[in-house]
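Enquirer: any chance you can model this:
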Amino acid sequence: MLELILLALALAMDCFTVSVVCGVITGKYKAGLMMRLAFLFGFFQALMPFIGWLLTSRFAAYLEAVDHWIAFGLLAVIGIEMIADAFKKEEDKTIDPYGLKSQLLLAVATSIDALAIGISFACTGYNEVSQLWVPLALIGAASFVMSLIGFALGVRFGDAVTRKVKPEILGGVILIGIGIKILIEHLG
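Expert: Numbers count the residues shown, from 1 in each chain. Take a look at the predicted model:
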């Protein structure tokens, strides 16, 4: 159980980081926004290992070969868009933490590396769907809670950050950094 809790917390770190950035960008507590973002992050963090587990028997080699490239590509594109948005007028911006499209992109991008966890579940004795409920629930719950905490911290300390740097630039750099980290971990 301890290993599963640590795994869930490790997977939640990307959600936490992106939620901090969203909190910095928005600069205010919005319960609906925080809950939706946390729900999407938790949902996709739990869904991706399930998908990885389902596809393992047929497509494991293909998924393992490209999952890190997909995660890196999505995070890099979103990060570059955020950086470009920092130099646009408010009405021309494409990354909007309030927008469902942006939230879905962020949730999927930060959870793609969790596909590998589902593959590892299939390879380590999780043979039945019923065996997955506890690990997937822990992963989803940890990501949900860490996203709420991250968003709140981003709002709380965002003013100090925005006085020194545009939050969109910081967020873009962080997302690109997460993508590079995922790429290095899988290639190394």
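Enquirer: can you give me the helices for this protein?
Expert: For the chain, the helices defined by DSSP state H occupy 2-26, 31-85, 100-111, 115-123, 133-164, 167-187.
Enquirer: could I get those as TSV with mean neighbour count and mean pLDDT?
Expert: C-beta here means a position set from N, CA and C on the backbone, and glycine is covered the same way. What follows is those, written out as TSV (neighbours: other Cβ atoms under 10 Å; pLDDT from 0 to 100):
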stretch	mean neighbour count	mean pLDDT
helix 2-26	21	86
helix 31-85	19	83
helix 100-111	20	88
helix 115-123	20	77
helix 133-164	19	89
helix 167-187	19	80
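Enquirer: tell me the spacing between Lys30 and Ala38.
Expert: 12 Å (Cβ to Cβ, to the nearest Å).
Enquirer: ok, the most centrally placed residue in the chain - contacts?
Expert: Geometric centre of the chain, nearest residue: Thr110, 2.6 Å, by Cα atoms, centre = their mean. Each residue near Thr110 by Cβ atoms under 8 Å, 6 or more residues apart in numbering is listed here: Asp14, Cys15, Val18, Phe41, Phe44, Gln45, Ala71, Leu75, Ile178.
Enquirer: and stretch 120-137, how far apart are its ends?
Expert: Stretch 120-137 has an end-to-end distance of 17 Å (Cα to Cα, to the nearest Å).
Enquirer: what's that stretch in contact with?
Expert: By Cβ under 8 Å, 6+ apart, the list of residues contacting stretch 120-137 reads Leu4, Leu7, Ala8, Ala46, Pro49, Phe50, Gly52, Trp53, Thr56, Ser57, Ala60.
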